[in-house]
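Participant: Can you look at this prediction? I've put the sequence above it.
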Amino acid sequence: MIGFLVRRVGQAVIVLIGVTIITFILLHLLPGNPIRAILGIRASQQQVEQLTKQYGFNQPLWIQYGVWVNQLLHLNLGYSYKQNELVTTVLAQRIPKTLFLVGSSLVVAIALAIPLGILQSVRRNRPDDYVLTGFSFIFYSMPTFWLGLLLIIFFSGDLGWFPSAAPQDQLSVFSQLNGMVLPIATLSLVTLALFSRYMRSSMLEQSIQDYVRTARAKGVSGRVVLFKHILRNALIPVITLIGLSLGGILSGAVVTESVFNYPGMGLAFYQAAEADDFPMLLGVVVVVAVATVIGNLVADILYAVVDPRIRYT
Amino acid sequence: MSALDPSQVAGGLVPEPGIGTAGMLPEGGEAFHSGSAWRMIAAVFLENRLAIVGLGMIIFVTLFSFIGPFIYHTQQVFASPNIANQAPSAAHLLGTDALGYDVLGRLMLGGQSSLEIGFAAALIAVGIGVIWGAASGLAGGVIDSIMMRIVDAMLAIPFLFALIVLGAIFNTSIPELIIVIGLVAWLVPARLVRGETLSLRVREYVQAVRVMGGGSRRVLFRHIIPNTVGTIVVNATFQVADAIIAVATLSYLGLGVSAPATNWGGELNTGLNYIFDGYWWTIYPAGVAIVLTVVAFNFVGDAMRDALEVRLQRR
């Protein structure tokens, strides 16, 4: 187990280093000189040179990279010229909101997907399986923003049950919970479709295994076989898949936040893209990449905890 | 009869001299005639009703987008703000959008660009991914580790984030959109093909090629890649579906192509402003088009995956 942990964490560290390299390369692919971006077009050559030296842009690339990684390790993600604030400050305000949105959507999606997946696998190829599969496909194929639009039209416009914009304030998120219903619903519906498909196929894979046949031959009741044997084994790969889909959920969060104007990290990212605010853009990319790597790492470790067989791969 | 009589040996299952094995068919009727592997796969594929529906929808959308404009003539170049946001009528079957373009014509044009970008991006993604993954799997050792760590590092940045960053850096024209999506989407096929390569390179026929003196390139292009075609085709189908959604999302966020070119997602960009005004024709048609097309590709890809999944055939 220790060997597995060491290997897995080592891999994650290497991937993180790779991520910083890639982000650094992107930083330097940017059009135009960043110094010009700060000073404007009319800056004199002398000002440009002075600022170049001050910010260290004239040093060899690997030194710049080292300085940048050092910054990252001190949790300094750069300075956003457009917003005139440290990226870290802005993100510190925004990340908790996105965490709330993504977290609640995940909980809702998992809570609904597992029973639905079990139901679909038990009643495989019967009408309800087909109907649920159809819905899964449709929701999975919908662009997230369109789903959000539809929900707004139907629940906010026609029925007036929920407001169409999400609560803006830090604290009002909890007092205006009904404003969060539509964003959470949008994000969780798409993930729900994906997760219930995973659950269904995982349950089906387990149900043709030999140990299930043995259990049934022993006379174990269908329900016990289902919940005690098949479900437990089927949940294992689904956990990994859920961990791996964290990146996709964050992507969905970007779109959802922009549709509902929810001031989270995703909306900050989108606004930064519109405003060409590259330090902010790349700061968010680093945060998201780190979150994804950690998510995968946790999923893999969880998998190894639950299934001892893979500790030796 | 003596024990050497042929009809008494091996339960009578001995070929008669002069007739050979022709008379030895078992009595129980004809055994399952499978034909070639491709025919079997096609048979399972076509049994799946959803797959046929999917194929039909893809053909319909393709015809609608590319042949449609020849039947239903509209003008798609110049904006006509004076007739903006008109309800469906005889002149404009699905009304006009915020810039005065005919919505149905926009749908066709958007379909053209969505399908083009989807297919081209999927081709690029699969092309790069297959070569990278197969080369990595075949090389093995340190090179394999390095190549896969690069893939993992790039995979750590979620699809949409990478797309938006690249979209903000580069200009938004159709070729660049295709390249941007392809540059981000090749990672998954690379992983898949590498896995397949790892399991294929220990097969006997690959080892036989090596023993006969075949080099790596021969093994790669004539043996390994052709045998991963099944997985590749399935993945390519899903790549097209993902690319269409990616383009739509990018266009909706304003990072897609600009007028007079259009895209289904771009049409929905302005739709958000008119939700509460009741201009349903600016919102539903484009979205329905996206969903139908993507669902069709997902059906087809899912059915192909089922057809190629050996285990499922045992049930």
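Facilitator: Done, it's in.

Participant: So, low pLDDT: which residues of the stretch 51-200 of chain B?
Facilitator: Applying pLDDT under 70 to the stretch 51-200 of chain B flags residues B:74-83, B:85, B:90-91, B:171.

Participant: got it, and chain A?
Facilitator: In chain A, residues with pLDDT under 70: A:29-43, A:48, A:51-52, A:54-59, A:81-82, A:158-176, A:313.

Participant: Apply 80 and report the result again.
Facilitator: A:1, A:25-65, A:67-68, A:71-72, A:74-87, A:125, A:156-180, A:224-226, A:275-279, A:307-313 (pLDDT under 80).

Participant: mind checking the longest helix of it?
Facilitator: Counting residues, the longest helix in chain A under DSSP state H turns out to be helix A:87-122.

Participant: any residue of it up close to chain B?
Facilitator: No. Helix A:87-122 lies apart from chain B when judged by Cβ under 8 Å from any Cβ of the partner chain; the minimum separation is 12.0 Å. To be clear about C-beta, it is placed using only N, CA and C from the backbone, and glycine gets the same treatment.

Participant: Quick one: list the elements packing against that helix.
Facilitator: strand A:79-80, helix A:127-141, helix A:178-207, helix A:231-244, helix A:246-260, helix A:265-274, helix A:278-306 (3 or more Cβ pairs under 8 Å, 6 or more residues apart in numbering or on different chains; DSSP states H and E).

Participant: Would you mind saying which of these lies nearest A:A113?
Facilitator: helix A:178-207 (3.5 Å; Cβ to Cβ).

Participant: Now tabulate the helices and strands packed on helix A:87-122 in TSV and tack on distance to chain B.
Facilitator: TSV is the format used below for the helices and strands packed on helix A:87-122 (distance: least, Cβ to the nearest Cβ, whole Å):
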stretch	distance to chain B
strand A:79-80	14
helix A:127-141	4
helix A:178-207	8
helix A:231-244	9
helix A:246-260	3
helix A:265-274	5
helix A:278-306	4
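
Participant: quick revisit: check the offset of the longest helix of chain A from the chain's centre.
Facilitator: Relative to the chain's own centre, helix A:87-122 is displaced by 9 Å; criterion: Cα atoms, centre = their mean, to the nearest Å.

Participant: What residues sit buried inside it?
Facilitator: A:87-88, A:90-91, A:94-95, A:97-98, A:100-102, A:104-106, A:108-110, A:112-114, A:116-122 (16 or more other Cβ atoms under 10 Å in any protein chain shown).

Participant: likewise stretch A:264-284?
Facilitator: A:264-273, A:277-284.

Participant: for the residue in the stretch 1-150 of chain A that chain B sits nearest to, phi and psi?
Facilitator: Residue of the stretch 1-150 of chain A nearest chain B, by Cβ to the nearest Cβ: A:G18 (2.7 Å). Per-residue torsions, A:G18: phi -60, psi -40 (degrees, to the nearest 10).

Participant: Next, the contact list for the closest residue in space to it that isn't next to it in sequence, please.
Facilitator: Take A:G18 and drop its neighbours on the chain: the residue closest to it by Cβ to Cβ, 6 or more residues apart in numbering or on different chains is B:A153, 2.7 Å away. The contact partners of B:A153, by Cβ atoms under 8 Å, 6 or more residues apart in numbering or on different chains, come to A:15-19, A:21-22.

Participant: can you confirm B:A153 is in a helix?
Facilitator: Yes. B:A153: assigned to a helix according to DSSP: H, G, I helix; E, B strand; the rest coil.

Participant: Just give me the residue right at the centre of chain B.
Facilitator: Residue closest to the average C-alpha location in chain B (Cα atoms, centre = their mean): B:T237, at 1.0 Å.

Participant: What distance do you get for the residue of chain B found nearest chain A to A:W62?
Facilitator: Residue nearest to chain A within chain B: B:A153 (2.7 Å; Cβ to the nearest Cβ). Per Cβ to Cβ, to the nearest Å, B:A153 is found 18 Å from A:W62.

Participant: Equivalent analysis for A:E205, please.
Facilitator: Relative to A:W62, A:E205 is positioned 48 Å away (Cβ to Cβ).

Participant: Equivalent analysis for B:N235, please.
Facilitator: Per Cβ to Cβ, B:N235 is found 37 Å from A:W62.

Participant: cool, and A:A92?
Facilitator: A:A92 is 30 Å from A:W62, by Cβ to Cβ.

Participant: What residues sit buried inside stretch A:223-233?
Facilitator: In stretch A:223-233, counting by 16+ other Cβ under 10 Å, buried: A:225-226, A:229-231, A:233.

Participant: Ends of it, what's the gap?
Facilitator: End-to-end distance for stretch A:223-233: 15 Å, by Cα to Cα, to the nearest Å.

Participant: so who does the residue of chain A most remote from its centre touch?
Facilitator: The centre of chain A is farthest from one residue, A:Q46, which by Cα atoms, centre = their mean lies 44.5 Å away. By Cβ under 8 Å, 6+ apart, no residues touch A:Q46.

Participant: re the thing from before, just the buried residues of the contacts of B:A153.
Facilitator: A:15-16, A:18-19, A:22.

Participant: Name whatever forms a beta bridge with the residue nearest to A:E85 when sequence neighbours are not counted.
Facilitator: Leaving aside its chain neighbours, A:E85 sits nearest to A:Y79 (7.7 Å; criterion: Cβ to Cβ, 6+ apart). On the basis of DSSP bridges, A:Y79 is bridged to A:L86.

Participant: Tell me how many other residues surround A:Y79.
Facilitator: Neighbourhood size, A:Y79 [other Cβ atoms under 10 Å in any protein chain shown]: 17.

Participant: how much space between it and A:I95?
Facilitator: 18 Å.

Participant: so how many other residues sit close to the nearest residue to A:V255 once chain neighbours are set aside?
Facilitator: In space, and not counting its chain neighbours, A:V255 is closest to A:T144: 4.3 Å by Cβ to Cβ, 6+ apart. Counted with other Cβ under 10 Å, the neighbours of A:T144 add up to 25.

Participant: Just the element for residue 63, please.
Facilitator: Since no chain was named, I'll use chain A. Using DSSP states H and E, A:I63 sits within helix A:61-73.

Participant: Let me rephrase: I mean chain B.
Facilitator: Going by DSSP H and E, B:L63 is part of helix B:49-66.

Participant: Specify the angle between that helix and helix A:127-141 in degrees.
Facilitator: Angle of helix B:49-66 versus helix A:127-141, following axes from the mean of the first three to the mean of the last three Cα atoms, to 10 degrees, is 30 degrees.

Participant: and the residue nearest the centre of chain A, what does it touch?
Facilitator: By Cα atoms, centre = their mean, chain A has its centre lying nearest to A:L250, at 2.8 Å. Residues in contact with A:L250 (Cβ under 8 Å, 6+ apart) are A:98, A:102, A:266, A:288, A:291-292, B:158, B:161.

Participant: Touching, A:E274 and B:G254? I think so.
Facilitator: Yes. At 6.6 Å, A:E274 and B:G254 qualify as touching, with contact defined as Cβ atoms under 8 Å.

Participant: Name the helix or strand for B:N235, please.
Facilitator: Element membership for B:N235, per DSSP H and E: helix B:229-252.

Participant: Give me the contact status of that helix with chain A.
Facilitator: Yes. For helix B:229-252, a contact with chain A is found by Cβ under 8 Å from any Cβ, at B:241, B:245, B:248-249, B:252.

Participant: still on that earlier bit, may I have the residues that are in contact with the residue nearest to A:V255?
Facilitator: A:T144 touches A:186-187, A:190, A:252, A:255-256, A:259, B:249, counting by Cβ under 8 Å, 6+ apart.

Participant: Check these against B:R39 and report the nearest one.
Facilitator: Closest to B:R39 out of the contacts of A:T144 is A:V190 (37.0 Å), distances taken as Cβ to Cβ.

Participant: Please verify my assumption that that closest one contacts A:L147.
Facilitator: Yes. With contacts defined as Cβ under 8 Å, A:V190 counts as touching A:L147 at a distance of 6.6 Å.

Participant: Give the residues shared as contacts by those two.
Facilitator: A:F139.
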